[in-house]
Each structure stands twice: as C-alpha cells, then as structure tokens.
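K.L.:
let me see the structure of the following:
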Amino acid sequence: MSSMLKTDSLDAKDINEKYFDNHESLDVYKQLKQREQSWWKSRQQLTLLRERQMFWFGDNSFMMWLLWQLVSYIVVAMVLMLLSKLLDISLPLWQYIALFVIQTLIFIVMLSFKDRLARQLQYKINQADLSREEMLNEMTILASDSLYRDVHAKAPISLKQIYRYYNAEFRLASLHRLLQKEVDAGRLIYGDQKVEADILPLELADDALKEYARGIIYKSLI
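P.N.:
Down below sits the predicted model:
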C-alpha cells in the first residue's frame, strides 16, 4: 500500500527518471516511438490512397478521366507549339494527327484496364490498412508495459499533462488513440469530456486535440 502511495506522489520528473533510467523500459519507449512513426506513416498513406481511389474510381470517375484526357490534349499541344517556336521547326499536319491518335489509343487502353487498376489500388489500400492495424496492435502491447503504467500511476491526469510528461515525443493523436484502447478495456474512464478524433486524418486529429487536450481527463479504475 505504501508503495502505491509513493508511486502516486511522483511528479512528472520522477516518472521520467523512474522509468527512463531503466534500460529495459527505455528500450520499450524507443520501440513505441518507432511504432508510432510507422503507424503515422501508414495512416497518412492510407488517407492518400483513399483520396486517390475516390478521385479516379469514384461515382463520377468516368467524367474525371475524360476531363484529364482533354487536359492532356491541351498540354501536349502547348508543348509542341513551344518546341516548334524554340527549335524553329515545323511538323507536318499528319504527324500532329498521329501523335493525338496515339495519345487517344493510350487513353482507351488505360480506360479498358480501369477495373484492373482499381483492384490494384484497392489491394494497396488493404495492405496499408493492415499495416496500420499491425502497428497499432504493437503499440498497444508496448504501451501496456510503459504508457498505461504511467497514466494509471498518475491518474486522474489530462491528455495535455501526459503529452508534456513525455516531452512532446509522442503526438497527441497517438496518445489519444492508445489511451482509447485502455478506455475500451474498462481500465480508464473519461473524467470530463471526450473528443472523437479517431475518425479524422492524423493532421486534423492532432490539431483538434490541441484545443481540448487540457480538458480530456483520464481516471483510473485500477
């Protein structure tokens, strides 16, 4: 009992000294930071791939393909005009026509492989999503021996305080997502307010949490 009271009386500096001075714990935190970086990159990649999927293969994708084909005609025409002026050469009309015919054939071939391209993009999305989940699961395992222990020892504690305890080495969005796992497991509860940041892209989630991090209080049920 006295040991628990002593742990609860630790301040931010004590927490860092207590756990970071231990070589094994230091290694755990190092791995956790590495997994966080990988998780961040995976989520960013997943967001970009989904945006690309919506752009090229969404409901209005056919019109978008036609629009970009028209843009490509204009770009090629401008480049040819510029080269003709700079190099002082003049191509016969049939060569211009042949070039645009080839360009059109390439577009038709690409359009015919549209479904295949969509499947390839979906495969990349699935892989990025799997990587994101794997990194998050590994982060949760590592956090159970480091982050969760610290939070329970200092609870009630705000997300802002946790962020400062680790000298801003972890992002707010990462901390919030990891601690949500502990909330879902029934070992932590929210004291004041909850911010639904998990559904946002990481950049937006991080910005949203900066405003509310001080008011997001975690209370331990252990």
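K.L.:
from here on, just use CA atoms for contacts and neighbour counts.
P.N.:
OK.
K.L.:
for the nearest residue to residue 178 once chain neighbours are set aside, helix, strand, or coil?
P.N.:
Excluding the flanking residues, the one nearest residue 178 by C-alpha to C-alpha, 6 or more residues apart in numbering is residue 140, at 6.3 Å. What DSSP: H, G, I helix; E, B strand; the rest coil gives for residue 140 is helix.
K.L.:
low-scoring stretches of the protein, by residue?
P.N.:
1-25, 192-202 (pLDDT under 70).
K.L.:
residue farthest from the centroid of it?
P.N.:
For the chain, the largest distance from the centre (C-alpha atoms, centre = their mean) belongs to residue 92, which lies 51.2 Å off.
K.L.:
list the buried residues for the longest helix seen in the chain?
P.N.:
Longest helix of the chain, by residue count under DSSP state H: helix 23-57. By neighbour count with 16 or more other C-alpha atoms under 10 Å, helix 23-57 contains the buried residues 25, 28-29, 31-33, 35-36, 38-47, 49-50, 53, 56-57.
K.L.:
how about stretch 96-111?
P.N.:
Result for stretch 96-111 [16+ other C-alpha under 10 Å]: buried residues 100, 104, 107.
K.L.:
tabulate these (CSV), appending secondary structure and distance to residue 216.
P.N.:
Formatted as CSV, the buried residues of stretch 96-111 follow (DSSP: H, G, I helix; E, B strand; the rest coil; distance: C-alpha to C-alpha, whole Å):
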residue, secondary structure, distance to residue 216
100, helix, 60
104, helix, 57
107, helix, 52
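K.L.:
all helices of the protein, in order?
P.N.:
Counting by DSSP H, the helices of the chain are 2-8, 12-20, 23-57, 61-87, 93-112, 114-144, 147-154, 159-165, 172-184, 202-212.
K.L.:
between those helices, which gets nearest to residue 222?
P.N.:
helix 147-154 (7.3 Å; C-alpha to C-alpha).
K.L.:
and the closest one, what does it pack against?
P.N.:
Counting contacts by 3 or more C-alpha pairs under 8 Å, 6 or more residues apart in numbering; DSSP states H and E, helix 147-154 is packed against helix 2-8, strand 217-220.
K.L.:
any idea how far residue 216 is from residue 105?
P.N.:
As judged by C-alpha to C-alpha, to the nearest Å, residue 105 and residue 216 stand 58 Å apart.
K.L.:
with residue 165 instead?
P.N.:
Counting by C-alpha to C-alpha - residue 165 and residue 216 are separated by 15 Å.
K.L.:
kindly report the same for residue 108.
P.N.:
54 Å.
K.L.:
likewise residue 150?
P.N.:
16 Å.
K.L.:
for the longest helix of the chain, packing partners?
P.N.:
Contact here means 3+ C-alpha pairs under 8 Å, 6+ apart; on that basis helix 23-57 packs against helix 12-20, helix 61-87, helix 114-144, helix 202-212.
K.L.:
those helices: which one's closest to residue 178?
P.N.:
Nearest of these (C-alpha to C-alpha): helix 114-144, 6.3 Å.
K.L.:
which elements pack onto the closest one?
P.N.:
Against helix 114-144 (3+ C-alpha pairs under 8 Å, 6+ apart) you get helix 23-57, helix 172-184.
K.L.:
quick one, the first one and helix 114-144 angle?
P.N.:
For helix 23-57 against helix 114-144, the angle between stretch directions is 160 degrees (axes from the mean of the first three to the mean of the last three C-alpha atoms, to 10 degrees).
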